[in-house]
Structure formats: C-alpha cells, structure tokens
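In: Attaching a predicted model along with its sequence, questions to come.
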Amino acid sequence: MEKCITCGFLCKYVPGDDVPMPKFFEMEKEEREKSLAFRPTITYRGDVASVPACFRGVDDVQSNFASITSRSPSDKFYEIINRNRQCKKWKQYDPGFSPIDHLQEWRMNELELKRQEFEKNMAQNHTNVLLK
C-alpha cells in the first residue's frame, strides 16, 4: 500500500511570485520522519518559508495538506503522510532526489515500458507475417 511518507513526490513548496523556479524541493528523510514539514527551505536567497505539497497534485493529498498550518500539531501532518492510499502517481522516494528528479525517472521508466511493448508487438507482427 502506498503512503506519502515513502513517495518521491512528497515535497516542500515555496509559495510567492518573488521566488524563482524551482518552487518545489525535496522533503528530506528527517523532515518526513520527524514531521518537520514546515522547516524553512534553503534557497540561493537564504531560508524561505515552505509548505508540504504533493508534486503530482493528487487532490485528496493536497486538500489534506491545505488543512494544516505551521501551528498545527506535527502529529496531524504525520497522520496524513502515513495514511494508506491507492495512488497511481506514487513513486518510491530516493533520498537526495528532488520531486523533479523523481518525475524524470518515472517518465523514463514509462517510456522504456512503452518501447518494450512496441518491440514485443513488432516481433509478434513479424512472426505472424512469417506464418502466413
């Protein structure tokens, strides 16, 4: 069963128009495990306020995150990210990788699966032609 705490798309979002890209940052292992979702994010401009987010924008997760603030008890955040979910957008978290890195890896895997399926279909079609 998928949980946000183990997903590479659980991240920290830095709101505001004055913050340049990227606006999404890795939520590190310690922040996940110790419910430090509102720990400031370090950018080239120094420490900036950030909020927990789902990089893939899963609706129920986003609405759960919207219901908490930096003043909410940390166990509320911990309960949300440890909830069992059936999420088609879940991707195993690899420490040290940003949500953008996880998305690129996920897309590469999807392309590889499509390539393998294409080759399998081509081989099957070639076999069918030979058998006729």
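Out: On my side now, so go ahead.
In: need the helix or strand of the protein with the lowest average pLDDT.
Out: strand 41-43 (a mean of 79; mean pLDDT, DSSP states H and E).
In: partners of that strand in the sheet?
Out: Strand pairing for strand 41-43, determined by DSSP bridges: strand 46-48 (antiparallel).
In: Buried ones in the strand it pairs with, by neighbour count?
Out: Within strand 46-48, the residues scored as buried using 16 or more other CB atoms under 10 Å are residue 48. C-beta: built from backbone N, CA, C; applies to glycine.
In: Please apply the same query to stretch 1-17.
Out: By neighbour count on 16+ other CB under 10 Å, the buried set for stretch 1-17 is 2, 3, 4, 5, 7, 8, 9, 10, 11, 12, 13, 14.
In: how about the helices of the protein, start to end?
Out: 29-33, 59-66, 74-81, 99-131 (DSSP state H).
In: Please tabulate the ones you listed in JSON lines, including the columns distance to residue 53 and mean pLDDT.
Out: Shown next, in JSON lines, are these (distance: least, CB to CB, whole Å; pLDDT from 0 to 100):
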{"stretch": "helix 29-33", "distance to residue 53": "13", "mean pLDDT": "93"}
{"stretch": "helix 59-66", "distance to residue 53": "6", "mean pLDDT": "90"}
{"stretch": "helix 74-81", "distance to residue 53": "12", "mean pLDDT": "90"}
{"stretch": "helix 99-131", "distance to residue 53": "9", "mean pLDDT": "88"}
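In: Please work out which of those helices is packed deepest.
Out: When the helices of the chain are scored by mean count of other CB atoms under 10 Å, the highest mean neighbour count falls to helix 74-81 (a mean of 17).
In: who wins for proximity to residue 23 among the helices of the chain?
Out: Distance to residue 23, taken as CB to CB, is lowest for helix 99-131 among these, at 10.4 Å.
In: on contacts alone, who are the packing partners of the closest one?
Out: Packing partners of helix 99-131 (3 or more CB pairs under 8 Å, 6 or more residues apart in numbering; DSSP states H and E): strand 24-26.
In: Check the offset of the strand it packs on from the chain's centre.
Out: 9 Å (CA atoms, centre = their mean, to the nearest Å).
In: follow-up on the earlier one: so how far is the least confident helix or strand of the chain from its chain's centroid?
Out: The answer for strand 41-43 is 18 Å, by CA atoms, centre = their mean.
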